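Participant: quick one, structure for this:
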Amino acid sequence: MPTHLAEKHCKPCEGGVEPLRPEQVAELMPALHADWSVSDDGAAISRRFEFPAYSRTLGFTNAVAWIAITEGHHPDITFSYGYCVVSYTTHAIGGLSDNDFICAAKVDRLAAESVDE
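Facilitator: All right, here's what the predicted structure looks like:
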């Protein structure tokens, strides 16, 4: 699965499935940017993004929100002047699912496309 995560789409999750096991999470993490980290309890992944101006931060945050809307999978987003933190977990199952990694990969692609040349 890790090969083309950003090309996949989220599947609705209303519960009834188990969260990813730690070994599954470990297999998927290398497919993401190295700045993503797993929470201490293993139930979430997060990454901090930094920007030179509030307008860039807000634009990125809105683009992340658009990914959430189109995929039907919504992260926790915290932002302020110059930074945005994106955290994914699948609330319905109390842990990580494939959807979290799919969306994180889409956010990675967005960040790579947002870099000044």
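Participant: partner strands of the helix or strand harbouring Val85 and their direction?
Facilitator: For Val85, the host element (DSSP states H and E) is strand 83-88. Sheet partners assigned to strand 83-88 using DSSP bridges are listed as strand 45-50 (antiparallel), strand 76-80 (antiparallel).
Participant: so which of the ones you listed is the most surrounded?
Facilitator: Each of the strands paired with strand 83-88 was given a mean neighbour count from mean count of other CB atoms under 10 Å, and the largest, a mean of 18, is that of strand 45-50. To be clear about C-beta, it is placed using only N, CA and C from the backbone, and glycine gets the same treatment.
Participant: now do that strand: everything it contacts.
Facilitator: With CB atoms under 8 Å, 6 or more residues apart in numbering as the test, strand 45-50 has contacts from 25, 29, 32-33, 35-39, 57, 60, 82-89, 96, 100-101, 104, 107, 111.
Participant: what's the answer for stretch 14-33, then?
Facilitator: Applying CB under 8 Å, 6+ apart, the contact partners of stretch 14-33 are 1-3, 5, 36, 38, 42-43, 45, 47, 90, 92-98, 101, 104-105, 108, 111.
Participant: thanks again, I'm all set now.
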